[in-house]
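Colleague: What would the 3D arrangement of this be:
(chains A and B)
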Amino acid sequence: MYHVSGGDSMAEEFKPGCARPTGGPVGSEPVKEDAVISLQDESMKGGNKSMIMVGKKAPDFTAPAYHRGKFINVTLSDYLGKWVVLCFYPGDFTFV
Amino acid sequence: MSAVADRYSEFQDLGVEVLSMSVDSVFVHKMWDEHELSKMVKGGIPFPMMSDGGGKVGTVYGIYDEDAGVETRGRFIIDPDGNVQGYEVLTPPVGRNVNESIRQVQAFQHVRNSKGSEALPSGWKPGKLTLKPGPDLVGKVWEVWKTDMARD
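Modeller: Next comes the predicted model:
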């Protein structure tokens, strides 16, 4: 039995097409199916590998997500006013 | 991610929203949740499992491994103002400790609720001694705080 996530009400559901849905940092080119994404901000390109700073803004992004049987778009800034724990991991079906 | 899902109600009680992200597609997330994770955690993963194909978001956060094409184990605590208060990044073979994530959230929430008037020494967890930095405490921490207080 879980609480209903606060993210439910603010996220927009989407219908997937044949391409893999992708997202990206807010402010970069909108994501289109079958489009090659180009990032506007030079710092987002491969050359800059610096770590973000604690105490500074978390970079905003929009990304497609699977959530309780639905596909939704998640935007980090929709969670302003709440604490967020954001967990990256290497891959589904890996072992740890 | 099942270990985080297992403690999800504790995160919710702390007012924390959990988000996970990997380079896998949302279709694979669905299959992983249905075929494996839901067998480890009742009801499956309760929080949004985000997809970052190409690692664009992971690159901005500094945890995308371009050579391997995957994101490393980066865990970020973001406060209600959208500021990153802490992060931990591990290479893939070692899992995180959810206890430590919860402890750090509790600590940052305590500091925020004190409006920055309190500081939390090493190993702090709820109930342990806090410090109130000020001129009187300079050079006197040794009188009130002992290193064994950092232990569990």
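
Colleague: what's the distance between the residue located most distally from the centre of chain B and chain A?
Modeller: Ranked by distance from the centre of chain B (CA atoms, centre = their mean), the top residue is residue B:136, with 33.2 Å. Per CB to the nearest CB, to the nearest Å, residue B:136 is found 26 Å from chain A. Where you see a C-beta, it was placed from the backbone N, CA and C, and this is true even at glycine.

Colleague: Can I take it that residue B:45 is in a strand?
Modeller: No - using DSSP: H, G, I helix; E, B strand; the rest coil, the assignment for residue B:45 is coil, not a strand.

Colleague: just to revisit the earlier point, distance of the residue farthest from the centre of chain B relative to residue B:117?
Modeller: Taking CB to CB, to the nearest Å as the measure, residue B:136 falls 14 Å from residue B:117.

Colleague: Likewise for residue B:10?
Modeller: From residue B:10 to residue B:117 the distance is 26 Å (CB to CB).

Colleague: if we can go back for a sec, tell me the secondary structure at the residue farthest from the centre of chain B.
Modeller: Residue B:136 - assigned by three-state DSSP - is helix.

Colleague: remind me, longest helix of chain B?
Modeller: helix B:98-113 (DSSP state H).

Colleague: Would you mind listing the outside residues contacting that helix?
Modeller: By CB atoms under 8 Å, 6 or more residues apart in numbering or on different chains, the surrounding residues in contact with helix B:98-113 are A:83, A:85, B:3-4, B:6-7, B:10-11, B:14-16, B:75, B:77, B:79, B:85-86, B:88, B:118-120, B:124-126, B:130.

Colleague: Just the buried ones from these?
Modeller: A:83, A:85, B:4, B:11, B:16, B:75, B:77, B:79, B:85-86, B:119-120, B:124, B:130 (16 or more other CB atoms under 10 Å in any protein chain shown).

Colleague: any chance of those residues in CSV, with secondary structure and pLDDT too?
Modeller: Below are those laid out as CSV (DSSP: H, G, I helix; E, B strand; the rest coil; pLDDT from 0 to 100):
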residue, secondary structure, pLDDT
A:83, strand, 98
A:85, strand, 98
B:4, helix, 96
B:11, helix, 98
B:16, strand, 98
B:75, strand, 98
B:77, strand, 98
B:79, coil, 98
B:85, strand, 98
B:86, strand, 98
B:119, strand, 95
B:120, coil, 97
B:124, coil, 97
B:130, coil, 96
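
Colleague: Tell me the one among those nearest to residue B:35.
Modeller: Residue B:35 has its nearest neighbour among these in residue B:4, at 18.5 Å by CB to CB.

Colleague: unless I'm mixing things up, that closest one is touching residue B:17, no?
Modeller: No - Residue B:4 is not in contact with residue B:17 according to CB atoms under 8 Å; the separation is 11.9 Å.

Colleague: tell me, what's touching those two both at once?
Modeller: A:85, B:11, B:47.

Colleague: Now the last one: closest residue in space that isn't a chain neighbour?
Modeller: Spatial nearest neighbour of residue B:47, chain neighbours left out: residue B:18 (4.1 Å); criterion: CB to CB, 6 or more residues apart in numbering or on different chains.

Colleague: Looks to me like the one you found is in a helix.
Modeller: No - secondary structure of residue B:18 (three-state DSSP): strand, not part of a helix.

Colleague: What separation do you get for it and residue B:50?
Modeller: 11 Å.

Colleague: Same question for residue B:42.
Modeller: 22 Å.

Colleague: Domain-wise, how is chain B divided?
Modeller: B:2-113, B:117-152 (automatic domain parsing).

Colleague: where do the helices sit along chain A?
Modeller: Using DSSP H, helices in chain A cover A:7-10.

Colleague: Flag the shaky bits of it, pLDDT-wise.
Modeller: A:1-9, A:29-49 (pLDDT under 70).
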